[in-house]
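>>> I would like to see how this sequence folds:
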Amino acid sequence: MLGTKVIKRGQLFSYQILLVDEDKECTDRLVEVFNEQGADVAVASTGQEALDIIKENPGIQVALMDLKFSDMEGIDLVKQIREAKGESPIAFIAISIFYGIGEQEKALKNGYDHFLPKPFLIDAVINLIQHAIAQQTQPAGV
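Numbering: from 1, shown residues only. Sure thing, here's the model as predicted:
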């Protein structure tokens, strides 16, 4: 499902990541890789679980999320998390097996910052996380 490649350890050192997906195989593999890379990872399988995690962990910098959960749409979850975090930056990366142009455009127009179709390579998701967090830390206009 998730392709691998030799990657340098520690590329995500001290990053705080929220992973929201109902696909346990996917989340288990990503948690394993992210932990090996030095990241702190919180996992949720529903929108409500994700909201609870955000409230308990305000330092989360990036959320990798599917587009739909059993209890709510991903777009609604993005809005609720942004409201909960206030001015604290967070990047949203959509991860989905449904990656038609319509789904990608809808996600990007409604709060997600990036879109990564499944299946994906591990190095692609690591690079995208690094890029998303770097964008948050750049001064405006750079």
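>>> so for this structure, the centremost residue is which one?
Closest residue to the average C-alpha location of the chain: residue 64 at 1.5 Å, with C-alpha atoms, centre = their mean.
>>> tell me the phi and psi of residue 24?
phi -60, psi -40 (degrees, to the nearest 10).
>>> and it, how many neighbours?
10 (other C-beta atoms under 10 Å). Where you see a C-beta, it was placed from the backbone N, CA and C, and this is true even at glycine.
>>> just the buried positions in the lengthiest helix in the chain, please.
Ranked by number of residues, the top helix in the chain under DSSP state H is helix 122-137. Residues 122-123, 125-126, 128-129, 132-133 are the ones in helix 122-137 that count as buried (16 or more other C-beta atoms under 10 Å).
>>> contacts only, for residue 75.
Residue 75 makes contact with 67, 106-107, 110-112, according to C-beta atoms under 8 Å, 6 or more residues apart in numbering.
>>> tell me which residues of the helix or strand hosting it are tucked away?
Per DSSP states H and E, residue 75 falls inside helix 74-85. For helix 74-85, the neighbour count (16+ other C-beta under 10 Å) marks 74-75, 77-78, 80-81, 85 as buried.
>>> what's the separation between residue 75 and residue 43?
Residue 75 sits 20 Å away from residue 43, going by C-beta to C-beta, to the nearest Å.
>>> do the same with residue 23
Applying C-beta to C-beta to residue 23 and residue 43 gives a distance of 11 Å.
>>> what angle do helix 74-85 and the helix or strand hosting residue 54 make with each other?
Element membership for residue 54, per DSSP H and E: helix 47-56. Computed by axes from the mean of the first three to the mean of the last three C-alpha atoms, to 10 degrees, the angle separating helix 47-56 from helix 74-85 equals 20 degrees.
>>> which other helices and strands contact helix 47-56?
Packed against helix 47-56, as judged by 3 or more C-beta pairs under 8 Å, 6 or more residues apart in numbering; DSSP states H and E, are the following elements: strand 16-20, strand 40-44, helix 74-85.
>>> contacts for the first one?
Here strand 16-20 makes contact (C-beta under 8 Å, 6+ apart) with 27, 30-31, 34, 39-47, 49-50, 53-54, 57, 59-66, 69, 74, 77, 129.
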